[in-house]
Each structure stands twice: as structure tokens, then as C-alpha cells.
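J.: make a model of this:
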Amino acid sequence: MKIGGKKVLHGPATEIIVFAREDVESSLAFRATAMLDKSEFDKFCPMPKPPKMRVKGGNLVENPDDPKFKVALDQYNKNFMDYMFVSSLTALPLKEGEPDLPIEWEKVKIPDKHTWHFWEDELKEAGLSDMERKRLFNTVMGVNSLNEAKMDEARASFLQRQREEPEVLSFPTDERNDTPSGEHVNGSASDLPESQNAGTILMKK
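T.: Sure thing, here's the model as predicted:
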């Protein structure tokens, strides 16, 4: 994909979060990476379909207001959040330059959607406090663009750059008064457009 004629080569969004402990080796460092593909999730957890209902005239149509379907859809969304969390998270190595370390979940089994929510129990057993678990979860949601506050911040920053005023650079004018009449020679400041008469040039940042 190209934007403005330039190839887009950026990788997925990432964010690092570190929870300090007594020493560096005991500290917990994680990297959250945006999930680029949910095909594996769809394989293990297909989206529920609303049941059919018969309407006037005998036609069958989908009924998205069915109470059981709403419960199933709510559980599907919870499953997706849990899957996204365990799939997006890796651990950082102690030595710079080494690859990230996969998290070896003991209760979470990726092929079994009924175990995905155990990530919180495992983090709790590993010594992460309630606030640390929430921060880690919010970090994962943020890199996957599910944090509305972060999206608003990024949008405002981008629009601010678009609205920035042109930068004004000043330099001394070169006035020549060596003609007999005392008037400026051709090409001097008096011949410039009014916006440049003061010795400034407008340049875009």
C-alpha cells in the first residue's frame, strides 16, 4: 500500500509496559503488539448467527432481538477481547537485541475458547496487582485501537499538524541607493510583492 506515492512499511502498533520489582531481573516487562489477523480466532470461535423467525406472509427472516442470540453475541465479544489480549502480549528479554519471549500460559489453551479468560487468574498468580492487570489490559486494547481516548489524542495531534501556521524566516533587505535619483534599482525591495517588502519569506514547515 502507498500513501502519497510512498510505500507504507510501518509494522503493527506496539507499546511497552514495565512493572518494577525489587531488582531489574525480577521486573516484569511486556510488549503489546496489535493483532493483524483474526482468522485463527474465527476458526476457534465463529460469530453466532441470529435465529430465523417467520413474519407475516410466511417469509423467514433473521431475528437479532432474540434474547438467546444477544447473550451469545455478548459472550462472543468477551471471547474476542480475551483472545486479543493473550495473542497480543509477549515478554521482553533482559538483553537488548534478543527476540521477544512468548508467554507460556498454563491455564489458557488457545484452541479452547473456554480457557481464554483465565489470563487474569494467571497474571494474578504471577503477582500482578489489580491495577497492574488493568493497565496491561488497557495497553493491549490501546495498541489495537480500541482505546477511544488514545484515538482522540492521535486525531487531535494529526489535525494540529495540519493547522500549523507557516514558519516565517526573516533576513536583512538589500536596499541600494546608488542611482542618481536616489530610487531603488530594478529588482530591489520596492519591486517585490507587498508580502515580501519587509524582508520575509513564507516557508511551510
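J.: quick check: domain ranges of this protein?
T.: Listed by automatic domain parsing, the domain ranges of the chain are 12-46+79-148, 163-203.
J.: out of those, flag the one nearest residue 4.
T.: Set against residue 4 and scored by CB to CB, the domains of the chain come closest in domain 163-203, at 17.9 Å. To be clear about C-beta, it is placed using only N, CA and C from the backbone, and glycine gets the same treatment.
J.: average pLDDT for that closest one, rounded please.
T.: The predicted model gives domain 163-203 an average pLDDT of 47.
J.: do stretch 55-71 as well
T.: In this model, stretch 55-71 has an average pLDDT of 92.
J.: check contacts around residue 137.
T.: Residues counted as contacts of residue 137 (CB atoms under 8 Å, 6 or more residues apart in numbering) are residue 85.
J.: change the start of the numbering to 41 and stick with it
T.: Happy to do that; since the first residue is 41 now, the last one works out to residue 177.
J.: touching, residue 106 and residue 91? I think so.
T.: Yes: look at residue 106 against residue 91 with CB atoms under 8 Å: they come within range, at 5.2 Å.
J.: between these two, which contacts overlap?
T.: Common neighbours of residue 106 and residue 91 (CB under 8 Å, 6+ apart) do not exist.
J.: can you flag the weakest of the domains of the chain by average pLDDT?
T.: Looking at the domains of the chain, the lowest mean pLDDT belongs to domain 203-243 (a mean of 47).
J.: excluding chain neighbours, what is closest to residue 130?
T.: For residue 130, ignoring the flanking residues on the chain, the nearest one in space by CB to CB, 6 or more residues apart in numbering is residue 140 at 3.9 Å.
J.: ok, that neighbour - contacts?
T.: Counted by CB under 8 Å, 6+ apart, residue 140 has contacts 71, 130, 131, 132, 133.
J.: from residue 163, how far off is the closest residue to residue 153 other than its chain neighbours?
T.: Of all residues not flanking residue 153 in the chain, residue 85 sits nearest, at 4.7 Å (CB to CB, 6+ apart). Note on residue 85: its distance to residue 163, by CB to CB, to the nearest Å, is 21 Å.
J.: that's all I had, so thanks and see you.
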